[in-house]
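# what's the 3D shape of this:
(one chain, ligands or ions: 2)
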Amino acid sequence: MTVAVLGAGAFGTALAISLAGNGPVVLWARSADHARAMRAARENAARLPGVRLPDAIAMTSDISDIAACDTILLAVPMQRLRSVLEEHAGALDGRVLVACCKGVELHSGLGPVGVIAETLPDARPALLTGPSFAHDIARGLPTALTLACADAGLGKTLQQALNTANLRIYRTTDTIGAELGGALKNVIAIACGAVIGAGLGDSARAALMTRGYAEMQRMALALGARPETLAGLSGFGDLALTCTSDQSRNYRLGLALGRGDCFDPSVTVEGAATAQAVAEKARGMGLEMPITDCVVGMLDHNLTIDEAMARLLARPLKEE
Ligand SMILES: NC(=O)C1=CN([C@@H]2O[C@H](COP(=O)(O)OP(=O)(O)OC[C@H]3O[C@@H](n4cnc5c(N)ncnc54)[C@H](O)[C@@H]3O)[C@@H](O)[C@H]2O)C=CC1
Ligand SMILES: O=C(CO)COP(=O)(O)O
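Ligands and ions are numbered 1, 2, ... in the order given. Here you go, the predicted model:
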């Protein structure tokens, strides 16, 4: 199986490096200059400096170069996914498309599988998600991910194809649970970063992670996810990683909020737009998502971290 990766950011490049151990990989960048620079230096200096790109990776900015690939990984930010699918519909429709992004689209409230299904109805969508930092994968460190595909047969084929020497792939048919786990954990990671940045302590972070997990379950189960998916790599696993590591951009945005520092707006932080999308979706579903609401308030600068914490502590007492 020949694999193409669309999106030469940190994650797309890291996946291409790991998959290159299995055979040829096409890595597509939207900018011809970026593709040329990567070819010349055999390095993605912008997003993954210091890691050599193996010879099995062909770098291109010509979308027709993916024509011979059986499987296409989409490693672009969630809020850009729809426009990428629309722009390259001719090359992508009817193909096996594995979304690698984590988030909920603003306005539609859909996750990546939902956006693919709506935009390219003849494509065969799947999702690759779970606890993993691009730099860890690129350095060959052991990582486990979940491949979610509603078509069980295709899911098995993709599990085999995407498993590599350092990427162990589990599979599920629960795409709703897998996409919501990966999206919602980023919102909780922003909250955890804020708490640590403001010096409120590890106990407060553990409380947020646990009650954040309850929020994740509340929404995901209401939308038909299976509880075991949330308890797996794509949910609990990714929540644990993202809420505790300053390798995470979502966590680092939270740290900056908590410390009152500025944060580079060009960095991909999926939890920011997703918090807004989820808060709106929860209101429409009549679900309480108090931590998500606080994250939206802090990001909009309508709420300080102290006010957010006071609001959470003052909520009516209830059974766990
Ligand atoms: N970096 C990481 O450790 C991990 C990232 N992810 C997910 O992967 C997705 C991508 O993240 P990163 O690669 O880290 O971000 P990044 O910021 O490093 O790269 C994003 C890439 O998308 C490209 N892009 C943006 N808009 C585009 C468009 N309209 N058309 C074509 N390409 C476009 C950019 O040129 C860039 O190369 C996110 O959803 C993230 O949550 C998932 C697991 C780990
Ligand atoms: O999704 C990730 C870890 O699994 C990457 O986290 P960030 O997007 O917060 O850097």
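# Around ligand 1, pick out the residues from the stretch 101-250 of the chain.
With Cβ under 6 Å from any ligand atom as the criterion, the stretch 101-250 of the chain comes near ligand 1 at residues 101-103, 132-134. For glycine as for every other residue, the C-beta is placed from the backbone atoms N, C-alpha and C.
# let's go with 8 Å and repeat that
101-103, 129-130, 132-137, 182, 186, 247-249 (Cβ under 8 Å from any ligand atom).
# For ligand 2, tell me which of those residues show up nearby.
Applying Cβ under 8 Å from any ligand atom to these, those adjacent to ligand 2 are 102, 129-130, 132-134, 182, 186, 247-249.
# one step back: by neighbour count, which of the residues of the stretch 101-250 of the chain next to ligand 1 wins?
Gly182 (34 neighbours; other Cβ atoms under 10 Å).
# My guess is Ser248 contacts Ile188. True?
No - using Cβ atoms under 8 Å, Ser248 makes no contact with Ile188, being 11.1 Å away.
# ranges for the helices of the stretch 151-300 of the chain?
152-162, 175-197, 202-222, 227-230, 238-242, 249-259, 270-285, 290-299 (DSSP state H, counting those that start in this stretch).
# So which elements touch the next helix or strand after the last one?
Meaning helix 290-299. Where DSSP states H and E defines the elements, the next helix or strand beyond helix 290-299 is helix 305-313. Here helix 305-313 touches helix 175-197, helix 290-299, going by 3 or more Cβ pairs under 8 Å, 6 or more residues apart in numbering; DSSP states H and E.
# and the angle for helix 305-313 with helix 290-299?
160 degrees (axes from the mean of the first three to the mean of the last three Cα atoms, to 10 degrees).
# Give the buried residues for helix 305-313.
305, 308-309, 312 (16 or more other Cβ atoms under 10 Å).
# for stretch 198-209, same thing?
Buried-residue list, stretch 198-209, by 16+ other Cβ under 10 Å: 198, 200, 204-205, 207-209.
# would you turn these into JSON lines with distance to ligand 2 and pLDDT?
Formatted as JSON lines, these follow (distance: Cβ to the nearest ligand atom, whole Å; pLDDT from 0 to 100):
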{"residue": "Ala198", "distance to ligand 2": "19", "pLDDT": "98"}
{"residue": "Leu200", "distance to ligand 2": "20", "pLDDT": "98"}
{"residue": "Ala204", "distance to ligand 2": "20", "pLDDT": "98"}
{"residue": "Arg205", "distance to ligand 2": "15", "pLDDT": "98"}
{"residue": "Ala207", "distance to ligand 2": "20", "pLDDT": "98"}
{"residue": "Leu208", "distance to ligand 2": "16", "pLDDT": "98"}
{"residue": "Met209", "distance to ligand 2": "14", "pLDDT": "98"}
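# And the average pLDDT for stretch 124-142 is what?
Mean pLDDT, computed over stretch 124-142, is 98.
# Could you list which residues are in contact with Cys101?
74-78, 81, 112, 270 (Cβ atoms under 8 Å, 6 or more residues apart in numbering).
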